[in-house]
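J.: based on what follows, work out the 3D shape:
(2 chains)
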Amino acid sequence: MMRPHPARLVLYAALLAAALLFLAPLYVMVVASLKPLPEIRGGGIFALPEAPTLAAWGKAWASACVGSNCVGLRPYYVNSWIMAIPAVAVSVAIGAVNGYALTKWRFRGAEMFFAALLLGAFIPFQTILIPMARVLAALGLFGSIGGLVLIHVVYGIPVTTLLFRNFYLGVPDELMRAARLDGAGFFRAFWHVILPLSPPMLAVAAILQFTGIWNDFLFGVVFSGPGSAPVTVALNNIAGANFGAKEYNVDMAAALLTALPTLIVYLVSGRYFLRGLGAGAIKG
Amino acid sequence: MSALSVRNIGKNFGATSVLTDLSLEVEAGEFLVLLGPSGCGKSTLLNIVAGLDQADTGRIWIGAEDVTDREPRDRDIAMVFQSYALYPSMSARRNMAFGLRMRGMNKAEADRRVTEAARLLQIEPLLDRKPARLSGGQRQRVAIGRAIVRQPAIFLFDEPLSNLDAKLRAETRLELKELHRRLGATILHVTHDQIEAMTLATRIAILNRGAIEQIGAPREIYDRPATVFVAGFTGAPPMNLIPGMVTATGGIASFRPEGSELEFVLPMAAAAPTGRKAVLGLRPEHIGEPSPNSGGNERIVMLTPLLVEPTGADTHIVFALGPTRIVGRFKPGFAPTSESVAVALDLDRASLFDAENGRRL
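T.: Residues are numbered from 1 along each chain as shown, chains lettered A, B, ... in the order given. The predicted structure is shown next:
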């Protein structure tokens, strides 16, 4: 067998140490969520559970108290999905069309339009909370999931537009000229020629948007009502409750449940994500 | 009525004038090649004909209709691009049928036309492949097929051969010519490759700085270039251009190359005004070994060889004629052995240009 180079061994050791460091909190959370409460109080945090139990997961899912409402995370989980799916779909779709229009149908003032749009990506969210609340109230969407969808779409558009614009800059313009000669207009050329080239960037934009929207807490806590809160807000209410005994196992299970969709998305599509970010010009 | 009529087209990009008052008629069945160096405006002109670019002034007529204000798809044209511009996500078959389907043709008829074009181009086995799985030459054929199925009034070719390697380019050139003959199509073809123009065209239009320098049959362009620019742009190697002075004594005009003691008697005496700066143009094939039985106005001079370039088919030798360097074409294996070589100049075939405005005298 070939002996690895000593420098390699040092490198692997350093990488392993870093991985352990970053994975340790996750490990602690997983084992804590599988222990009954007395065992958490008594034992070390790194100890494996003596008798693993899913009781805490069940409670976090279906009966933990969110404020005074002891229904678990489940309804809020549903809220988050109802919010995230249309918000991701719409913001990615609009970003793709914007990027296409900005690169392949250059209109007068396109650069200005893009600069203004990009500015939107750099506005701190805190500064627009109050104006946004008034806009939502005027639209009758305040405290509803629809309102959250609208906000996430609006604040997702600058980033998705930027992603698709840069991606479509690499698509040869001759393709569009061929499509125009073939009789395809704005939307048909987009649908038949440009969109089929876009799956790598669609994946990147969808992953970015999904993690951002799912993990959002600020908009959720400000603009949702009691019945429309996303799961991040519910998690905060479960873990932040400061009466009665602190149920660390339930808190951990709830936190893991909340993080699960983004973790799965990353594990399943991380490969596409990297490929999409690295996707260069398309050869015609 | 011409198949295509370009009337007084002008185009500026900002302060730069790209095309100035350019007019051109293409007859049905013609293979007209627009030849010019990069930046001469030939691709811009093609784009204006296609409707992909708008002219500032002038009109475009196709057949009996003014199409200046029409969209590209409503102009009854098809185009083959330099990069082929095949849709990467579609098979060759769908690429070819796309334009037909976009126009609402039913699938059966579109399929029939694609199959027919594929047979003509011998790409039937490739129809279900995507462009990424085709070689450069195969992509080129699919791109031509995409134009053929449309059965347009005019084909526009935008340097379709320039992305091919030399061998494939020569083969495809022949096939294009054959295709033109079989389809009887009207073709407007843009290139910067003068050999491509010479071999393909029924007529060549040479563009320089946004205007047509000369338009005519390849033979005419080659033998009687209208300007110094045309002379220097055609032929490989191009025509030798020798600056000098014309003098006339007793009804006989002669040409004295700059910085040289030589004097050539000119056959085109009548047109040449005396005491005027001029440029004498001689093709390399009219500079060669003296032959014993040559008639006409052949002039034999002693010249100093500077460089020998064997090309296989023949040998090019560069000579010094005063400060000017001229290239002659010799038999393969010809090797100058001495400091000076006897060289025959066929002055009957020479061209004479005005040094001031570059026009043929």
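J.: can I take it that residue A:205 is in a strand?
T.: No. The assignment for residue A:205, made by DSSP: H, G, I helix; E, B strand; the rest coil, is helix rather than a strand.
J.: look at it and say how many residues are nearby.
T.: Look at residue A:205: counted by other C-beta atoms under 10 Å in any protein chain shown, it has 27 neighbours. C-beta coordinates here come from the backbone N, C-alpha and C atoms, glycine included.
J.: which bits of chain A sit near chain B?
T.: By C-beta under 8 Å from any C-beta of the partner chain, the part of chain A that sits against chain B consists of A:172, A:174-175, A:177-184, A:188, A:192-193, A:196-197, A:282-284.
J.: filter those to the buried ones?
T.: By neighbour count, with 16 or more other C-beta atoms under 10 Å in any protein chain shown, those hold A:172, A:174-175, A:177-184, A:192-193, A:197, A:282, A:284 as buried.
J.: name the residues of the longest helix along chain B that are buried.
T.: Criterion DSSP state H: the longest helix present in chain B is helix B:166-183. Buried residues in helix B:166-183, counted by 16+ other C-beta under 10 Å: B:169, B:172, B:173, B:176, B:179, B:180.
J.: go on, stretch A:154-162?
T.: Neighbour-count burial for stretch A:154-162, with 16+ other C-beta under 10 Å as criterion, is recorded at A:154, A:155, A:156, A:157, A:158, A:159, A:160, A:161, A:162.
J.: farthest pair in these?
T.: Comparing all pairs in those by C-beta to C-beta, the longest separation belongs to A:154 and A:162, at 14.8 Å.
J.: residues in contact with stretch B:216-229: which ones?
T.: B:197-198, B:201-204, B:206, B:208, B:213-214, B:230-231, B:234-235, B:239, B:241, B:279, B:281, B:283, B:349, B:351, B:353, B:358-360 (C-beta atoms under 8 Å, 6 or more residues apart in numbering or on different chains).
J.: and residue A:89, what element?
T.: Assigned by DSSP states H and E, residue A:89 belongs to helix A:74-104.
J.: by contact count, what packs against the helix or strand following that helix?
T.: As assigned by DSSP H and E, the chain's next helix or strand after helix A:74-104 is helix A:110-119. Helix A:110-119 sits against helix A:74-104, helix A:145-169, with contacts defined as 3 or more C-beta pairs under 8 Å, 6 or more residues apart in numbering or on different chains; DSSP states H and E.
J.: and the shortest one with helix A:74-104, angle?
T.: On the basis of axes from the mean of the first three to the mean of the last three C-alpha atoms, to 10 degrees, helix A:145-169 is oriented at 30 degrees to helix A:74-104.
J.: so what's residue A:128 up against?
T.: Listed by C-beta under 8 Å, 6+ apart, the contact set of residue A:128 is empty.
J.: who does the longest strand seen in chain B pair up with?
T.: Using DSSP state E, we find that the single longest strand of chain B is strand B:298-310. Take DSSP bridges as the rule and strand B:298-310 pairs in its sheet with strand B:315-321 (antiparallel), strand B:341-346 (antiparallel).
J.: let me see the mean pLDDT of the shortest one.
T.: The average pLDDT within strand B:341-346 is 89.
J.: equivalent analysis for the longest one, please.
T.: Strand B:315-321 shows a mean pLDDT of 91 in the predicted model.
J.: mind giving me the packing neighbours of the helix or strand just after it?
T.: Reading on from strand B:315-321 to the C-terminus, the next helix or strand found by DSSP H and E is strand B:324-330. Judged by 3+ C-beta pairs under 8 Å, 6+ apart, strand B:324-330 is in contact with strand B:240-249, strand B:287-288, strand B:315-321.
J.: and the pLDDT for the residue sitting nearest the centre point of chain B?
T.: For chain B, residue B:197 is the residue whose C-alpha lies nearest the centre (C-alpha atoms, centre = their mean; 3.3 Å). The model reports residue B:197 with a pLDDT of 93.
J.: quick one: contacts for it?
T.: Residue B:197 makes contacts with B:33, B:35, B:191, B:204, B:218, B:234, as judged by C-beta under 8 Å, 6+ apart.
J.: near chain A, which residues of chain B show up?
T.: B:50, B:52, B:71-73, B:77-79, B:81-90, B:98-99, B:102-103, B:131-132, B:146.
J.: helix or strand for residue B:17, just tell me which one.
T.: Element membership for residue B:17, per DSSP H and E: strand B:16-26.
J.: which strands or helices does the next helix or strand after that strand pack on?
T.: Scanning forward in sequence from strand B:16-26 by DSSP H and E, the next helix or strand is strand B:31-35. If contacts are counted by 3+ C-beta pairs under 8 Å, 6+ apart, strand B:31-35 sits against helix B:42-50, strand B:187-191, helix B:194-200, strand B:203-208.
J.: any idea where the helices of the stretch 51-200 of chain B begin and end?
T.: B:92-102, B:107-121, B:136-148, B:166-183, B:194-200 (DSSP state H, counting those that start in this stretch).
J.: other residues contacting the longest one?
T.: Read that as helix B:166-183. If you take C-beta under 8 Å, 6+ apart as the criterion, helix B:166-183 is touched by B:31, B:120, B:136-137, B:140, B:144, B:148, B:157, B:160-162, B:164, B:185, B:187, B:196, B:199-200.
J.: give me that answer again for 6 Å
T.: With C-beta atoms under 6 Å, 6 or more residues apart in numbering or on different chains as the test, helix B:166-183 has contacts from B:31, B:137, B:161, B:187, B:199, B:200.
J.: can you report phi and psi for the third one?
T.: According to degrees, to the nearest 10, the main-chain angles of residue B:161 amount to phi -100, psi -10.
J.: how close does the residue lying farthest from the centre of chain B sit to chain A?
T.: In chain B, residue B:250 marks the outermost C-alpha relative to the chain mean, sitting 40.9 Å out by C-alpha atoms, centre = their mean. Using C-beta to the nearest C-beta, to the nearest Å, residue B:250 is found at 63 Å from chain A.
J.: can you check residue B:12 too?
T.: Here residue B:12 is placed at a distance of 17 Å from chain A (C-beta to the nearest C-beta).
J.: just residue B:148 next, same as before
T.: Distance from residue B:148 to chain A, by C-beta to the nearest C-beta: 13 Å.
J.: just checking, that residue touches residue B:117?
T.: Yes. Between residue B:148 and residue B:117 a contact is recorded at 4.5 Å, counting by C-beta atoms under 6 Å.
J.: which residues are in contact with both of those two?
T.: With C-beta under 6 Å, 6+ apart, residue B:148 and residue B:117 have no common neighbours.
J.: let me know the pLDDT of residue B:170.
T.: Residue B:170 is assigned 88 on the pLDDT scale.
J.: just residue A:182 next, same as before
T.: Here, the pLDDT recorded for residue A:182 equals 93.
J.: residue B:63: how many residues sit nearby?
T.: Neighbours of residue B:63 under the rule other C-beta under 10 Å: 15.
J.: for residue A:14, that is, sorry about that
T.: Residue A:14 has 10 neighbours, counted by other C-beta under 10 Å.
J.: what's it sitting at in phi/psi?
T.: The phi/psi pair for residue A:14 (degrees, to the nearest 10) is phi -70, psi -40.
J.: from residue A:6, how far out is it?
T.: Applying C-beta to C-beta, to the nearest Å, the value for residue A:14 to residue A:6 is 13 Å.
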